[in-house]
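Q: got a predicted model here, sequence first, then my questions.
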Amino acid sequence: RNEGHELLKHLLPKHYETSVGKTYVEYAKWSMLASVFGTVSGVLSMQALLFAIGLGAGAIPMAAAMNWIVKDGLGQFGGMLCASFINQRFDAEPRRW
């Protein structure tokens, strides 16, 4: 039980018992599970796609790499693109963003 409490202390907000609603721990648990299963689903679907185009059983490492490149690489690129469009307006209206 003590190890579980220590883990919660690192994953949840400080003083979460008093700073968030009673159902926050339940929400955080399900949110984390959804995130994990979403990532696994992405890797498996990328593996199936690579297998379908003929890469065979060795496609698992390639699927994980491609999933990382697509998800994180395009996410970073999108963030930079968005920042480049709003950078002039951000200084003028910081509260809006």
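A: Now that the structure is in, tell me what you want to look at.
Q: okay, CA-based contacts and neighbour counts for the rest of this
A: Fine.
Q: determine the longest helix present in this protein.
A: If you go by DSSP state H, the chain has its longest helix at helix 24-52.
Q: which other helices and strands does the next helix or strand after that helix contact?
A: Going down the chain from helix 24-52, the next helix or strand is helix 59-68, by DSSP states H and E. Identification of packing neighbours for helix 59-68 by 3 or more Cα pairs under 8 Å, 6 or more residues apart in numbering; DSSP states H and E yields helix 24-52.
Q: and the helix it packs on, which residues are buried?
A: The neighbour-count check on helix 24-52 (16 or more other Cα atoms under 10 Å) flags 25, 39, 42, 43, 44, 46, 47, 48, 50, 51 as buried.
Q: quick one: these as JSON lines, columns for pLDDT and distance to residue 76 too.
A: JSON lines is the format used below for these (pLDDT from 0 to 100; distance: Cα to Cα, whole Å):
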{"residue": "25", "pLDDT": "82", "distance to residue 76": "30"}
{"residue": "39", "pLDDT": "80", "distance to residue 76": "17"}
{"residue": "42", "pLDDT": "81", "distance to residue 76": "18"}
{"residue": "43", "pLDDT": "77", "distance to residue 76": "19"}
{"residue": "44", "pLDDT": "81", "distance to residue 76": "23"}
{"residue": "46", "pLDDT": "78", "distance to residue 76": "20"}
{"residue": "47", "pLDDT": "77", "distance to residue 76": "23"}
{"residue": "48", "pLDDT": "80", "distance to residue 76": "25"}
{"residue": "50", "pLDDT": "76", "distance to residue 76": "24"}
{"residue": "51", "pLDDT": "78", "distance to residue 76": "27"}
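Q: quick one: which of the residues you listed is nearest residue 64?
A: Of all the buried residues of helix 24-52, residue 43 has the smallest distance to residue 64: 5.4 Å, by Cα to Cα.
Q: these two touch, right, the closest one and residue 64?
A: Yes: here residue 43 reaches residue 64: they are 5.4 Å apart, a contact under Cα atoms under 8 Å.
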